[in-house]
Structures are given as C-alpha cells and as structure tokens.
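In: coords please:
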Amino acid sequence: MRRIPAHVPLVQWEQTLQWALFLFILVVNWRAAWLQHEHDPYEFLRRGTDSLGYYQWLPCTFLEWDWSRMYWTHMQDNGPWISLFTLGVAVLELPFFLLGQWGAWAFGYEQNGFSSPYGVAIMLGTSFYAAAGCAITFRLARRFSSAAPALIATGLLYGATNLNYYSVHEPMMSHVHSFFLIVLYAYCALRVLDGPRAIHVVALVLSASLIVLIRQLNVFSLLFPLLLGGWEPLRTLFRNMLRHKPAFFGALAVGLVPWVLQMMYWRYTTGSLITFTYGHKDEHFHFDKMVPGLVLFSVRNGWLIYTPLMVPVLVMLCKRAWQGVAPARTILLLVCITWLLYSAWWCWWLGTSYGHRGFVDLYALLAIPLAWVVQDVLKRSLIWKLVAAGLAYALIKLNLGLADRFSWYWSWHEWTWKHLFEQVSGLVTGA
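Out: I've put the predicted structure just below:
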C-alpha cells in the first residue's frame, strides 16, 4: 500500500471554508429538526424506542438519582430490569441536557428531563455533532484530495445519505454521535502518526473509549491505524502518544470513568462486570444464516437501495484498493466487516430505520473514496460535470423526500418494491 500522505495544514481560505461548513450544517440541521418536531418539541424524547434507551441515563442520573427506575428496559428472567443501551451517547448529550435543565429553570418549564427546553437542547446537540463531524470529515477527505472534491463529498454525505435522517428525524439515536467519534478518531490517529500535539492525543483516547462504549460493533474501526500498514504505524502511534505522557494518561483516566460507571450498572443488573445486554433479550448473531445480499439490496432497508450514492463510492473504493492507494484497503476492509456482521444479526434490517443505519457510523471514512469520485468527475468535460451535478441533485432530492415520507411499516415484511415505487412516483409527481 502506498504511504499515507503527510498532513498539509489548511490555508487560510480553507480554514474559513471549514468553519463556514460547520456553521452552515449546524444552523440548517437545527432548523430542519425544529421544523420536524416544532408541534411537539419534547415528544421524541419520550418515544419508547432505542433513542429513549440512550437518553434515559441523563434524567435518571441527574434528576431521579436512581438507575433502577429507567423507562426503556428489558425484564430479565432472573434479576432486575436492564437497559440494553449503554451510557455512551448520554456522555455526549450531557452538556446539552444541562443546557436544557437551565432553560427549563429559566423559562418556568417542568424540570423533569422531558419538557420542551430539553428537546430543543438535544436537537441542538445532535446538530452540533453532525456539523462537527462534517467539518472534520472535510479535513480528513482533504488529506487525500484537493479542497473542492473534499467539500463536495462532505456535502453529498450530509444531503444524499441517511446521515441527514438521523440528524434531523431521529436525533437521539446513536449514529450521528458514532459518526462524529469515528471521524475524530481517524483524523487524530493520522495527526498523531505525523507527530502529535497534546490535543490530538487526548481526542484520540477519549473518542476511542466512547466509540466502543456506544456501539461495541464499532470496535473494528479502532483498527484504522493498524491497518494502514501493519505493526509499524501502530508502534509509531503509541510512541508518539507517549511523547505527551500527561495528556495520554490523563485522557486514559477520564476515558475509563464512563466504563467504570457502566460496569457498575452491569454488575448490579447481571452480576457480571462485562455483559452482552442483547443476549438477555435472546438477540444474537447467526453466522450460519448470513444474508449479505439482503443488507445491500433488500427493499426493507437495503443500504444501496436507499443510499444509491454509495454505488459509485464502493466501485471507486474497490478500484483504489486494487491499485494499493492509501487508505482504500483499510476502509474497504472495515466496510466489509461491518457488512458481514450485520448480515449475521438476527434483525439484519435493524428494525424501524430509514435505509440501513448500520453504515452511517462509517460515512466519514467513505468520504475519502467519494472525494475521489468527485475529483475524477471534475477532471472530465463540461457534459460529464453537468450530468453528475444533475444526478447529485436528484439523489439529494430523493433522499430528503423519502426521509420525509418514511414510516415505521417500511421495515415490515409486507413492504414491497411496489410500495417503494409508489413513494418515488409520488415524489416525482408531487402526489
């Protein structure tokens, strides 16, 4: 594999562009989320789904002081009711929860964790992580392409994939937070390999801790530095981190705090410090019944069906991996691991979700081959550019339109291609 390009500092106009991108997505996403939930800005906090499972740690910790009275739990055969969801997302939501607590106190709302100020604050928090994740994605993609393709690729990721849906319609799910953490980890890993500053070491360690705590399947994304070229990058990574020992060990101590709290909860509910909570609900991987084709092409949340932008991205990724262009093989391997593991999960379509949400976490890494696609288009004739621009507009329009129309029954067995075509036709005709 070719050597990873060294970091090239952004020139002043590129730094301005990065901040403009952050502010634009922050404002647009928060505005879109508010319009989606303005009639009942706290309703999505109470919704009895996985999102409540991630959020419930905050009111139960800071308002009720009781982890045994969580709202979205599973009854065990032996033992207390257990939350299947870890407190990782709650750690990232905490500053915004406190903002909501202040808002509830200042404006006379109920300080119960579920009144309107909390909902508005959590929407702001998710918008912040979406915007920050996109800004860092631009920096990551910029390392492997020029500024224009990196910027366009980031914009397409936000507008033409289900990253937008989980930023606007389902802001309490874990995927936007994992998207932010993985791109932060990947970018900081490359910066530490170049020769670190203390801030990069701290961000690397803390993001690694929360990546695994939030979604254990994402542990494979931590292989990113190792897979860049064998053991030598890993040795360089640790050697460079230890050049800032106070930052490294301080971040390690802070990063262990949520794990200690989580293990205390697991010990209380299961008797074990480490537990696979979904196993208590009899939910498992079935490696003898893998359905990789359905994960990609099923009308029930097939990834490439609802996110067709990824078709040319995967083609480009395979091409560059064959050519040995860094870090194509690394990204391709991580995508394949994720794909195959989800194909073995008992609920391979991941329940009521828009598109296959399991890949959202890795979108920042896929911005690199997407930037290569854009860069290739920009080198072609005007006709090619116009056609590509038209397709990009159509994909954004399709993604946002289907997201607005999405309903829970799209994941049911009764959902068919005929139903999907009717929805697409309705978008075209305005019906």
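In: any idea how far Thr137 lies from Tyr118?
Out: 28 Å (C-beta to C-beta, to the nearest Å). No exception for glycine: its C-beta is placed from N, CA and C like everyone else's.
In: More neighbours: the two, which one.
Out: For Thr137 versus Tyr118, neighbours defined as other C-beta atoms under 10 Å are more numerous around Thr137 (32 against 28).
In: for that one, what are its contacts?
Out: Contacts for Thr137 were tallied using C-beta atoms under 8 Å, 6 or more residues apart in numbering; they are 154, 157, 183, 363-364, 367.
In: do Ala121 as well
Out: 96-97, 99-100, 103.
In: Tell me the secondary structure of Leu84, please.
Out: What DSSP: H, G, I helix; E, B strand; the rest coil gives for Leu84 is coil.
In: List the contacts of the closest residue to it other than its chain neighbours.
Out: Excluding the flanking residues, the one nearest Leu84 by C-beta to C-beta, 6 or more residues apart in numbering is Thr277, at 4.4 Å. The contact partners of Thr277, by C-beta under 8 Å, 6+ apart, come to 74, 82-85, 266.
In: From Leu365, how far out is the spatially most central residue of the chain?
Out: Nearest to the mean C-alpha position of the chain, by C-alpha atoms, centre = their mean, lies Phe179 at 2.7 Å. According to C-beta to C-beta, Phe179 stands 10 Å off from Leu365.
In: ok, now Arg405?
Out: With C-beta to C-beta as the criterion, Arg405 and Leu365 are 29 Å apart.
In: next one: Thr416
Out: 33 Å.
In: the more surrounded of the two?
Out: Neighbour totals were compared for Thr416 and Leu365, and Leu365 leads with 25 against 12 (other C-beta under 10 Å).
In: Point out the other helices and strands that the lowest-mean-pLDDT helix or strand in the chain packs with.
Out: When the helices and strands of the chain are scored by mean pLDDT, DSSP states H and E, helix 43-46 comes last with a mean of 76. Using 3 or more C-beta pairs under 8 Å, 6 or more residues apart in numbering; DSSP states H and E, the elements in contact with helix 43-46 are helix 50-55, helix 116-142.
In: Pull out the buried positions in that helix.
Out: 44-45 (16 or more other C-beta atoms under 10 Å).
In: let's number from 481 now, not from 1
Out: Understood, numbering begins at 481; the last thing we discussed is helix 523-526.
In: send the alpha carbons of that helix over as CSV?
Out: Taking Å, rounded to 0.1, in the frame of the first residue of the first chain, the C-alpha atoms of helix 523-526 are listed here in CSV:
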residue,chain,number,x,y,z
GLU,A,523,-42.4,14.2,22.0
PHE,A,524,-39.3,12.5,20.5
LEU,A,525,-37.7,12.4,24.0
ARG,A,526,-40.5,10.3,25.4
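In: how about TSV for the helices and strands packed on helix 523-526, with mean pLDDT added?
Out: Output for those, formatted as TSV (pLDDT from 0 to 100):
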stretch	mean pLDDT
helix 530-535	92
helix 596-622	96
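In: Tell me which of these approaches Ala512 most closely.
Out: Within these, the stretch nearest Ala512 is helix 596-622; the backing value is 8.6 Å (C-beta to C-beta).
In: For the stretch 681-830 of the chain, which residues score under the pLDDT cut-off?
Out: With pLDDT under 70 as the threshold, the stretch 681-830 of the chain has low-confidence stretches at 709-710.
In: Helices along that one, start to end?
Out: 711-721, 725-750, 772-777, 783-786, 790-803, 808-824 (DSSP state H, counting those that start in this stretch).
In: Give me the average confidence score over stretch 896-904.
Out: For stretch 896-904, the mean pLDDT works out to 93.
In: Next, the buried residues of that stretch.
Out: Quick answer for stretch 896-904 (16+ other C-beta under 10 Å): 900, 903.
In: residues making contact with that stretch?
Out: Residues from elsewhere that reach stretch 896-904, judged by C-beta under 8 Å, 6+ apart: 779, 785, 878, 882, 885, 890.
In: count of residues packed around Tyr646?
Out: Tyr646 has 28 nearby residues by other C-beta under 10 Å.
In: Distance from the chain centre to the helix or strand hosting it, please.
Out: Element membership for Tyr646 (DSSP states H and E) is helix 643-648. Chain-centre distance of helix 643-648: 10 Å, with C-alpha atoms, centre = their mean, to the nearest Å.
In: Done for today, thanks.
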